[in-house]
Every structure is written in structure tokens, then in C-alpha cells.
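S.K.: sequence first, predicted coordinates after that:
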Amino acid sequence: MEQDLDMENEDDINIDLKSFGEDDLIKFVNTFNPNWMHDMLMEEDDDNEHEDDNNDDDCEDDSNSNSDSNYEQEPAQSLFTSSVKREFPWKITNLNIETKIKIKMSKNEEEYLLSTVNKSWLDKMSPRIRRLYRKMAVRRIKRLGNMRLIDWDNDREEKVDKKEGRVIDRFRTDFLTARSEQRLIGFCEHGEICSPYTQRKLKPFIRRDENCQPLWLKVMAEMDAKVNGKKDNWKPRARSTVDFSYVRPQHIPGINSLACQFFWPGIDLTECLQYPDFTCVVLYKKLIIGFGILVPDIGFEESYISFFLIRPEWRNAGIGTFMLYHLIQTSMGKDVTLHVSATNPALILYQKFGFKIEQFVQDFYDKYMTTGAKESRHALFLRLSR
């Protein structure tokens, strides 16, 4: 049986081409496709790709249905608003910078610059710098000799704004002319004044203290008794009151003289006449004992004590305590700030009233104090929070 089947297969395979005619061979050759196997395989691949696409579509439909079921609502819109980021300053090309106004160097700044320059460096400097150093040295010699300076900077038309920089810079000036009587005497008129800042009627006195006994009055009373005690019908002089009042125009020369003597030269406190209800001047008869000035417009919720001074021989008698209390009460609802030298004994008084140290400022008084000053050039920034 197997042999018969093999024979049949061999007959099927072994085709005798001689049995075909010429016409039949031509038809067979014309209809024969040599790429029939390649075409068949390509058709199978197309069918498989079509089936895969159908399966992917079914999977996507299933995933979409699942996602819709899981996330039914879209997330809420963010409440943050976006703003356009500003460009960096160094990338801005069109800058309208006014360079016409040049700030003048003050007398204290010249003194500080001369004191910090090492003379051994001058030989290595350019002629222009050496010439500038000699000009500043000549100006200092003329000031010491009370000689007139040829200052071309004062003839300029532009004025420097005093409100720029630190608060105490607005009280500086290099031109103070006052007679010796005005420097020593402060006259007090007994009358009300109107404050230009708050339009309030200010009384002539804040307080009149009869029990105050400073060291200076005790010493003068002892000297008077020692000299005149043996005279007949001698009686000790009656003491006058220590008067606390608001600043007036006639106080300005004496206050400026005290400020230049105990702080640094070139202080002009005329500006405080614009807000006299934030000031306090202490008088004994016509002598100015001390003063305190508070600047109310330093900030919306902040005021600044620019100057606070009591003569050394009148201290430790409660004068500074009441004066500081008065300045704090005039600035109710605002924080009171001030700078004080690190070695100033008034720091203890400020801490008694609740001032706290916020910052240690190095070389704060460098451009104000002259060479040889006893006080420290470093400052403490204090704040009384409300």
C-alpha cells in the first residue's frame, strides 16, 4: 500500500513537460508569478496588523471607561494668580539715570578720609590722587585757622535732598553762624504756640519741677554758702524751677551749640520747628540743660529719636527720665527706634523703658565723629515695640 502511494506521489511530481504543447507552455509562463510566496506572506501580515489594531481600540475603550468612572469631575481651578517676572536690572539696556547731581562731601567725611589714608601709600599713587590729598589737607589747615575756604561746590544750582540716607543726616550743615550769647542762652516766652505738624495748641510748659536737685545746683549752693555764709543778713538764694517746654525758634542756636559740642560739628536742628509737639527742651531760668527730638514721619508705624542729650553736670536727677517718657507718650501706637553708641551710659535708661537691642551696626558714627572721639563709633539699634 505504501509503495502504491509513493508511486502516485512520484507520478504527481514528475510531470513530463513533453506532453504539453507549445501553446500550453507559453500560457503557463505568462501566468506564472515568481513572487507568489512573498505576496502570500504580506497578506497574512496585513491581516495580523488589522487584528492587533482592533484589539488596541478595544483596550483604549475599556481604559477610557475605567478612567471616566474613577475621575468623574475635573480638579478645581487654582486660586493663585500668576504675574509676569520682572527683568533683571543688569539686563535692562534703557536706563534713565540722572548723573547731573553730585553729592558734596561734608567736612566730617573729609576729616574721616584724611584720618584713614596711610601716608606711606601716597608715593605709589598717581599724581591726581596725591594732588587731591594735598587739597584736602590744605582745607583742614584753613579750617583750624578759621580761614575762608574757596568752595566752588556751594555755587551749584542743584540742591541735595536732606531726606535721603539716614534720619540724622537731615540735621547736618556746615554753615552755622550764631553769636556767643545765642549759643549760651535759651529764652522761653510764656505763650501758646500752634504746631505746624498737628495744628495743636501747645502750652508754654510741659512741666515745671521745683523739687529737682541736680549736682550742679548743689555744688553752686555750697560754694555760695562757703563764700557768703559769714556775712550778716545773708540768706541763700531761692532756687528756680526746672522747666520742660516745647522747642521754639529762640532755642535753636543754643541747641545747635550743645549738639555740636557733645555729638559732632555741623548739626542744624532747625527742621524740628516743623513738629514742636514731638520735642522737649529743658531750661533752668534761661540756660538750656538738655533737649530731646523725635522724628514722627520716619514710617507709618515707626518714629525715631534722633537726638537726646543732658548736660553731664545735670544728670542723675530724673531729668532725662521724664524727657524720654514725654517723647514716648507723644508717639502712642508707634514703635520708637533709635541708635546709641555702644559705650553710651544712656543705654541703661533706654532698657529701663523697655527698649530692646535689634542690631549691632559697625562704624555707624564713622562719618560723623571727628578723630579722637571718646565714644565708640559702633552703634546699637534699639526698638520699643508697641
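M.R.: Noted; the coordinates are in hand.
S.K.: show me the contacts for the nearest residue to Met332 once chain neighbours are set aside.
M.R.: Spatially, and ignoring its direct neighbours in sequence, Met332 is nearest to Arg386 (7.7 Å; Cβ to Cβ, 6 or more residues apart in numbering). Placement of C-beta: from N, CA and C, glycine included. By Cβ atoms under 8 Å, 6 or more residues apart in numbering, the contact set of Arg386 is Met332, Gly333, Lys334, Asp335, Val336.
S.K.: repeat for Arg140
M.R.: Contacts of Arg140 (Cβ under 8 Å, 6+ apart): Glu110, Glu111, Leu114.
S.K.: next up, the contacts around Leu269.
M.R.: By Cβ under 8 Å, 6+ apart, the residues touching Leu269 are Phe171, Val247, Ile252, Ile255, Asn256, Ala259, Ile293, Phe307.
S.K.: coming back round to it: for the contacts of Arg140, pick the one with the most neighbours.
M.R.: Counting neighbours by other Cβ atoms under 10 Å, Glu111 comes out on top of the contacts of Arg140 with 20 neighbours.
S.K.: CA atoms of the lengthiest strand in the chain as PDB?
M.R.: Criterion DSSP state E: the longest strand present in the chain is strand 287-299. Taking Å, rounded to 0.1, in the frame of the first residue of the first chain, the C-alpha atoms of strand 287-299 are listed here in PDB:
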ATOM      1  CA  LEU A 287      20.100 128.100  80.400                       C
ATOM      2  CA  ILE A 288      19.400 125.100  78.200                       C
ATOM      3  CA  ILE A 289      20.100 121.900  80.200                       C
ATOM      4  CA  GLY A 290      19.100 119.400  77.600                       C
ATOM      5  CA  PHE A 291      16.800 118.500  74.800                       C
ATOM      6  CA  GLY A 292      15.300 115.500  73.000                       C
ATOM      7  CA  ILE A 293      13.900 115.300  69.500                       C
ATOM      8  CA  LEU A 294      11.700 112.600  68.000                       C
ATOM      9  CA  VAL A 295      11.100 112.400  64.200                       C
ATOM     10  CA  PRO A 296       7.500 111.300  63.700                       C
ATOM     11  CA  ASP A 297       7.500 110.800  59.900                       C
ATOM     12  CA  ILE A 298      10.100 108.100  59.700                       C
ATOM     13  CA  GLY A 299       7.500 105.500  58.800                       C
END
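S.K.: what helices and strands are in contact with that strand?
M.R.: Secondary-structure packing of strand 287-299 (3 or more Cβ pairs under 8 Å, 6 or more residues apart in numbering; DSSP states H and E): helix 252-262, strand 279-284, strand 302-310, helix 319-330.
S.K.: and the angle for the shortest one with strand 287-299?
M.R.: It stands for strand 279-284. 170 degrees (axes from the mean of the first three to the mean of the last three Cα atoms, to 10 degrees).
S.K.: thought Phe364 was touching Ala379?
M.R.: Yes. At 3.6 Å, Phe364 counts as touching Ala379 under the criterion of Cβ atoms under 8 Å.
S.K.: so what sits against both of these two?
M.R.: Residues touching both Phe364 and Ala379 comprise His339, with contact defined as Cβ under 8 Å, 6+ apart.
S.K.: leaving out chain neighbours, which residue sits closest to Phe355?
M.R.: Excluding the flanking residues, the one nearest Phe355 by Cβ to Cβ, 6+ apart is Leu382, at 4.1 Å.
S.K.: which single one of the contacts of Arg140 is nearest to Arg311?
M.R.: Nearest to Arg311 out of the contacts of Arg140 is Glu111 (Cβ to Cβ; 25.5 Å).
S.K.: show me the strands in the protein, by range?
M.R.: Ranges of strands in the chain, per DSSP E, are 193-194, 201-202, 207-209, 242-245, 279-284, 287-299, 302-310, 335-341, 356-361, 379-384.
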